[in-house]
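# using only what follows, build the 3D model:
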Amino acid sequence: RASTSLHCIIKNLWWAGKLPSLRVGAGQIRERFEKTVLRRIFADRPVAYGFPAEGTGYIDHSGELAMTTHDDRPNMIFIMADDHAAHAMGCYGSYRNTTPNLDRIAAEGMRLDNCFCTNSICTPSRAAILTGMYPHANGVITFNAPPSNHVTFPQMLRNSGYHTAMIGKWHLGCEPTGFDHWNVLPRQGRYHDPKFIDNGVETRIEGYVTDIITDLTLDALQNRPRDRPFCVLSHHKAPHDMWESDDKHAAMFADADIPEPTTLFDDYASRATAVRQSTQTIGATRPGHTLYEAETGHIEDSVARRKA
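Model (predicted):
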């Protein structure tokens, strides 16, 4: 259920409103969450919407909602990085780089130390976050678009009266739905001077993609309706490969002594098949996520890609 997704990500959201404390035992979190957070957010409003059918474009599920001028439900900003390993963050003990802003969020909020990912590929992870369902249940097991009958938590929020926005990397094989405003990268997107699809209209924006997504997110927050609570998803491309920095950070580690990881010269003899097939290695002639990505990444049609 999409409410499960909200339950999982709520610990990493910045809340502009005040909520009852969630600092309880693991066995109590779900019950407390259902009784306090979900009841307050949704106020018993029903929802039954899903993704658009693949290739059909954007579907408006907004409906007619009677909203008052005062709504004290919490605002939400969900910020996601792509392929950002825990050991690359200071709050998880990184010795390679410093992340003071992430560390402050972790110190002032809640840090999860015992999390697992059942399918770490980009598209299935995104579908799992949006639907609260495992890949085998939501149908997104690789780079395919989600089935059109699944409910997402932004749709539930929007149907409940929230203003919703999606900015940055979408990568789900269909146009975003469940959002009042969206401006997303096509497919993987580019680091420099990337194209964006702004509510269905393609445009190119000069600059570095991380700065652009941040600015677009701030614009979405600035231009939101003031009489409704909001949920804004800010999905960054970085630090996904190919690893391209902006000019101001290009020489950041030029004089740094970075220890070699113990696995730098691993021969993968004891690793899983998927790891041995990976082409995401230093000096690879055909870099990509996996052998599958390297050999099928040029096929835009998702059905043809799966058959390949």
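
# pretty sure residue 183 sits in a strand.
Yes. Assignment of residue 183 by DSSP: H, G, I helix; E, B strand; the rest coil places it within a strand.

# could you list the low-confidence segments of the protein?
Applying pLDDT under 70 to the chain flags residues 1-70, 277-303, 305-308.

# and the strands in it?
For the chain, the strands defined by DSSP state E cover 14-15, 76-80, 163-169, 181-185, 195-198, 201-204, 230-235.

# contact partners of the fourth one?
In this case it means strand 181-185. Strand 181-185 has contacts (C-beta atoms under 8 Å, 6 or more residues apart in numbering) with 164-171, 175-176, 194-199, 209, 216, 220, 235, 237. The C-beta positions use only the backbone N, C-alpha and C, and glycine is treated the same way.

# mind redoing it with 6 Å?
Here strand 181-185 makes contact (C-beta atoms under 6 Å, 6 or more residues apart in numbering) with 165-167, 169-170, 176, 194, 196-198, 216, 220.

# partners of that strand, with directions?
Sheet pairing of strand 181-185 (DSSP bridges) gives strand 163-169 (parallel), strand 195-198 (antiparallel).

# list the contacts of the last one.
If I follow you right, that is strand 195-198. Contacts to strand 195-198, defined as C-beta under 6 Å, 6+ apart, come from residues 183-184, 186, 202-205.

# let's see the PyMOL selection covering just the buried ones among these.
Applying 16 or more other C-beta atoms under 10 Å to the contacts of strand 195-198 leaves a buried subset, and the PyMOL line that selects it is:
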select buried, resi 183+184+205
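
# which pair of the contacts of strand 195-198 spans the longest distance?
Largest separation among those by C-beta to C-beta: 184 and 204, giving 13.7 Å.

# so which residues of the stretch 1-150 of the chain form helices?
With helices called from DSSP state H, counting those that start in this stretch, the stretch 1-150 of the chain shows them at 2-9, 26-32, 39-42, 100-108, 122-131, 135-138.

# count the neighbours of residue 224 for me.
Per other C-beta atoms under 10 Å, the neighbour tally for residue 224 reads 18.

# again with the one 4 residues further on
Residues lying near residue 228 (other C-beta under 10 Å) number 19.

# now do residue 127
By other C-beta under 10 Å, 29 other residues sit near residue 127.

# use 2 as the first number from now on
In the new count, where the first residue is 2, that last one comes out as residue 128.

# residues in contact with it?
By C-beta under 6 Å, 6+ apart, the contact set of residue 128 is 139, 141, 147.

# apply 8 Å and report the result again.
Counting by C-beta under 8 Å, 6+ apart, residue 128 touches 134, 136, 139, 141, 147, 151, 173.

# look up how far residue 217 lies from it.
Relative to residue 217, residue 128 is positioned 23 Å away (criterion: C-beta to C-beta, to the nearest Å).

# ditto for residue 84
According to C-beta to C-beta, residue 84 and residue 217 sit 21 Å apart.

# so those two - more neighbours on which side?
A direct count of neighbours by other C-beta under 10 Å for residue 84 and residue 217 places residue 217 higher, at 20 against 16.

# verify the contact between the more buried one and residue 170 for me.
No. With contact defined as C-beta atoms under 8 Å, residue 217 does not reach residue 170; the gap is 11.8 Å.

# and residue 110, how many neighbours?
Residue 110, neighbours per other C-beta under 10 Å, totals 12.

# also residue 241?
Count around residue 241 with other C-beta under 10 Å applied: 19.

# is it in contact with residue 189, as I believe?
Yes. Residue 241 is within contact range of residue 189, at 7.3 Å (criterion: C-beta under 8 Å).

# give the burial count for residue 164, as a bare number.
Residue 164 has 21 neighbours, counted by other C-beta under 10 Å.

# you'd agree it is up against residue 227?
No. The criterion here is C-beta under 8 Å, and residue 164 misses it with residue 227 at 9.5 Å.

# longest helix in the chain, by number of residues?
Ranked by number of residues, the top helix in the chain under DSSP state H is helix 210-223.

# contacts for that helix?
Residues outside helix 210-223 that contact it (C-beta under 8 Å, 6+ apart) are 78, 166, 168-170, 182, 184, 186, 190-193, 195, 197, 206, 231, 233, 235-239, 247.

# and residue 194, what does it touch?
The contact partners of residue 194, by C-beta under 8 Å, 6+ apart, come to 205-208.

# pick the one among those residues closest to residue 73.
Nearest to residue 73 among these is residue 206, at 35.4 Å by C-beta to C-beta.

# contacting residues for the closest one?
Contacts of residue 206 were listed using C-beta under 8 Å, 6+ apart, and they are 194-197, 213.

# ok, and the most crowded of these?
Counting by other C-beta under 10 Å, top hit in the contacts of residue 206: residue 213 with 23 neighbours.
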